[in-house]
Every structure is written in C-alpha cells, then in structure tokens.
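**Student:** Prediction below, plus the sequence it came from.
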Amino acid sequence: MNKRYFALITILIAMIAILVGLYESDLLSPKTDFDNKFMSGTIHGDVVLNKNSHRHNDWWETYVDKANNISYTFFILENGTLLMEIFKYSGFQTVESKTYNNVKWHIYFLKTQRSSTTFNNENSTIFETPIFYYNYICASKQNGTYYFIFIFSPKVLGNESLNSDLFSNYVEPLLKTIKIKNIDNAPTFQELFKSTTI
C-alpha cells in the first residue's frame, strides 16, 4: 500500500513539474496570430482588433489585450524620418538596435504619465491619481519603407532596457515572429496621420 501511494505521489509531482515547465516555456500562454498587408507575426496574449481605430488603406492596425492591458499598433510609412525625429524630441530613449527573425529593429522607450480624476460627492473633493504608461516603439527600415510597432501598457512594467516585464514577455516574443512584407506604395506621413484616428 505504501508503495502504491509513493508511486501516485511521484506521478503527481512529475505531472506538476511538466505543467510548470510548459507554463514557463510559454507553451500554455495564449497567442494570437495576425497577418496584415505589410507584416505578420504572433502576439503573446489573447488580443482583439480595435475596431474603433481607423485603418488607412490597411496601413494601420491596433490590437488590444484586455487581460494584460496592453495595446499593439502596427503601421508603415513611405518615409519615417520625420516621425523618428518626433520620437526623439518627445523624449523617447534609444534602448538598442537588435535583429530578430532577420529584421533589424531600432527599439525606443518612454515612460509617460496621465492623471485619473475622481470626485467625492460627500466632501466635494477632487482626487487625481497618476497613471504611468510604459511605451516601446520598434522601428525598422526596409527598402525605403519604415515599419513601426508601438506597444504600451499601464499595467505591465517597462523601462529603458531589454530586461523589463513588458519587453521580455511581450515585445521580444512578438519581434521574434515578425515577418516583413515588401511594400511599394506605403503612405506618406501626411496621408497616414491625416486620416488615422488612434
């Protein structure tokens, strides 16, 4: 009888170890494949296409992971130098340039703050609570066309490194799966942002 219990406990411990190993290896985590006109890949998380974001000729897509409160925006530009300058003067810090899946990405980070305002009717008091947003922008220039991925979250922490939770668990796994499509007729900065509602 003791041998039977010992064998059952051993099997149970082995099963738990296998499940933990699968979880840590990311095999059980939800993933969502996407494939648009200019790139394809896999987002780590259960995401849905944000239908409130307008897409200009399929050159702009936004997906939202509601469980982890992460937003992913993908877009391209004919010439992204102006946007790169805007990033620079907005305070985005260069993290690193790194190649994933044969695509060289320039990775930038910015921590931003917004306020959430609540009103207490009992004593007519207004409370402002700061909300921090962790923003990564990944940019790649391929044959004169600029490809951008903008990922932000107020929940999953990020910083100016490749070691943050947001980068390690969401940004980097995405970059490892991205496949770039060659595009001849990408929109200009004016065309894209004139007709796009974020």
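**Tutor:** Noted; the coordinates are in hand.
**Student:** just the strands in the protein please.
**Tutor:** Taking DSSP state E, the strands of the chain run over residues 31-35, 39-44, 48-49, 60-65, 70-77, 93-100, 103-120, 125-142, 145-153, 179-180.
**Student:** Just the CA trace of the second one, in PDB.
**Tutor:** These are the backbone C-alpha positions of strand 39-44, laid out as PDB (Å, rounded to 0.1, in the frame of the first residue of the first chain):
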ATOM      1  CA  MET A  39       3.600  42.300 -41.800                       C
ATOM      2  CA  SER A  40       2.600  39.200 -39.900                       C
ATOM      3  CA  GLY A  41       3.500  37.600 -36.600                       C
ATOM      4  CA  THR A  42       2.300  36.300 -33.300                       C
ATOM      5  CA  ILE A  43       1.200  38.400 -30.300                       C
ATOM      6  CA  HIS A  44       1.700  36.800 -26.900                       C
END
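**Student:** Count the neighbours of the nearest residue to Asn159 once chain neighbours are set aside for me.
**Tutor:** Counting by C-beta to C-beta, 6 or more residues apart in numbering, Phe109 is the residue found nearest to Asn159 once chain neighbours are left out, at 6.9 Å. Heads up, the C-betas are built off the backbone N, CA and C, glycines and all. Phe109 is flanked by 23 other residues according to other C-beta atoms under 10 Å.
**Student:** Next up, the contacts around Ser116.
**Tutor:** Contact analysis of Ser116 by C-beta atoms under 8 Å, 6 or more residues apart in numbering lists Glu128, Thr129, Pro130, Ile131.
**Student:** still on that earlier bit, columns distance to Glu191 and mean pLDDT on top of the strands of the chain, output as a markdown table?
**Tutor:** What follows is the strands of the chain, written out as a markdown table (distance: least, C-beta to C-beta, whole Å; pLDDT from 0 to 100):
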| stretch | distance to Glu191 | mean pLDDT |
| --- | --- | --- |
| strand 31-35 | 23 | 92 |
| strand 39-44 | 19 | 95 |
| strand 48-49 | 22 | 89 |
| strand 60-65 | 11 | 92 |
| strand 70-77 | 9 | 93 |
| strand 93-100 | 27 | 92 |
| strand 103-120 | 23 | 84 |
| strand 125-142 | 18 | 86 |
| strand 145-153 | 13 | 94 |
| strand 179-180 | 20 | 95 |
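**Student:** For Met84, see how far away the spatially most central residue of the chain is.
**Tutor:** Taking C-alpha atoms, centre = their mean as the criterion, Ile151 is the residue nearest the geometric centre of the chain, at 3.5 Å. Separation of Ile151 from Met84 (C-beta to C-beta, to the nearest Å) stands at 17 Å.
**Student:** Could you do Tyr147 as well?
**Tutor:** 12 Å.
**Student:** Give the residues shared as contacts by these two.
**Tutor:** Ala139.
**Student:** out of the two, which sits in the more crowded spot?
**Tutor:** Tyr147 (23 against 18).
**Student:** surely the more buried one meets Phe38?
**Tutor:** Yes - when contacts are counted by C-beta atoms under 8 Å, Tyr147 is listed as touching Phe38 (6.7 Å).
**Student:** I appreciate the help and will end here.
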